[in-house]
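> Okay, sequence plus prediction incoming.
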Amino acid sequence: MKTIIDFTCSALLLAEYFGHVTGLPPTDEWEKFKVDYGKVYEGTEDVKRHQIWKANVKFINQHNREANKGRHSYRLGVNAFADMEVTNWTVTDADNGSSHYVLLQGMCASPWAFAVTGATEARNAIYCPPHKLVSLSEQNLVDCSNKYGNFGCEGGLVDQAYGYIINNGGIDTEASYPYEARNDKCRFNPGTVGADIRGCVDLPKGNETAMQIVVFTNGPVAVGLHADLNSFTFYKSGVYDDPLCTPDELDHAALVVGYGMIDGKKYWIVKNSYGESWGERGYILIARDHGNRCGISNYASYPEMLCQS
């Protein structure tokens, strides 16, 4: 089954949330931002967050002015992270219906868990009867895979999460073990396993062609990414191709679900874990075959399923 999802150019017309669009005075923009994203601050904290927000909005507006002149292939937008510095929330860790809706990891460095559940959910639906998409528990991985080298909300690695599932006899469903965005005690229940795997496959490091073949023939793959950049944080639309997003500083994980081309520019379709209000409805298009942008093919992997009878 093919996992090729097409994003049309209409996605580039997503509305932006800037003062010159809303027509609101700067102070009112700040108040609207807090209401829109449920932010509540008082006193000096409000002043501090307001200053960070203003600096980020300035960065976003400047980038988009340059994009209007053809200097960038992607646009930025204000989102829930606009009142935070990137270092406040990034912690180091490295459609055929087979990819679930986009979830929000919250203030927990668990993208590695979302990448693993996404890859496992997809392959479970593709290869295991009754071929239905079953949402799997990120919280199960956050709480229970520490013995395999992960650190819950303080970060983790995709392959170590696979190792936990293999040796544990499966991973619970999301319905039985819902996400909490915090560390908690392990509550794995073998009676509510949603999927199991017998191994995992690491793709050749830095080989985008090999990754393209796997995505085309076998479905989504979990990948490591360099994401500790304002341009990534505030990505809104277009093909992301920041030269500062290098292959050598991986600090995030996500799920490659497909690939395509817009105006001659090739891209990967990447499902992130920042929620549907981020990027292209929760996805980002990252430049493909352009110097391994963001290290997208450095640590790509997928699980081998052990289908339940």
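It's in. Residues are numbered from 1 along each chain as shown.
> Could you list the low-pLDDT ranges of the protein?
In the predicted model of the chain, residues 1-26, 87-103 satisfy pLDDT under 70.
> quick check: longest helix of it.
Criterion DSSP state H: the longest helix present in the chain is helix 43-68.
> Just the buried residues of it, please?
For helix 43-68, a neighbour-count test (16 or more other Cβ atoms under 10 Å) marks 49, 50, 53, 56, 57, 59, 60, 61, 63, 64, 67 as buried. No exception for glycine: its C-beta is placed from N, CA and C like everyone else's.
> what about residue 259, how many residues close to it?
23 (other Cβ atoms under 10 Å).
> same question, residue 195
Counted with other Cβ under 10 Å, residue 195 comes out at 23.
> thought it was touching residue 305?
Yes: between residue 195 and residue 305 there is a contact under Cβ atoms under 8 Å: 7.2 Å.
> Common neighbours of those two, please.
120, 124, 128 (Cβ atoms under 8 Å, 6 or more residues apart in numbering).
> Could you write me a ChimeraX select line covering just the buried ones among the residues you listed?
Buried members of the shared contacts of residue 195 and residue 305, defined by 16+ other Cβ under 10 Å, are picked up in ChimeraX with:
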select :120,124,128
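> that older thread, return the member of the buried residues of helix 43-68 nearest to residue 85.
The shortest gap between residue 85 and any of the buried residues of helix 43-68 belongs to residue 56, at 8.5 Å (Cβ to Cβ).
> so residue 303 sits in a helix?
No: per DSSP: H, G, I helix; E, B strand; the rest coil, residue 303 lies outside any helix segment and is strand.
> who does the helix or strand where residue 172 lies pair up with?
Following DSSP states H and E, one finds residue 172 within strand 171-172. The pairing partners recorded for strand 171-172 under DSSP bridges are strand 193-195 (antiparallel).
> contacts for the partner strand?
120-121, 124, 128, 134-137, 169-174, 176, 305, 308.
> one more time with 10 Å
With contacts defined as Cβ atoms under 10 Å, 6 or more residues apart in numbering, strand 193-195 is touched by 117, 120-121, 123-125, 128, 134-137, 140, 165, 168-177, 303, 305-308.
> got it, and stretch 33-48?
17, 22, 24, 30-31, 49-50, 53, 57, 78-84, 277.
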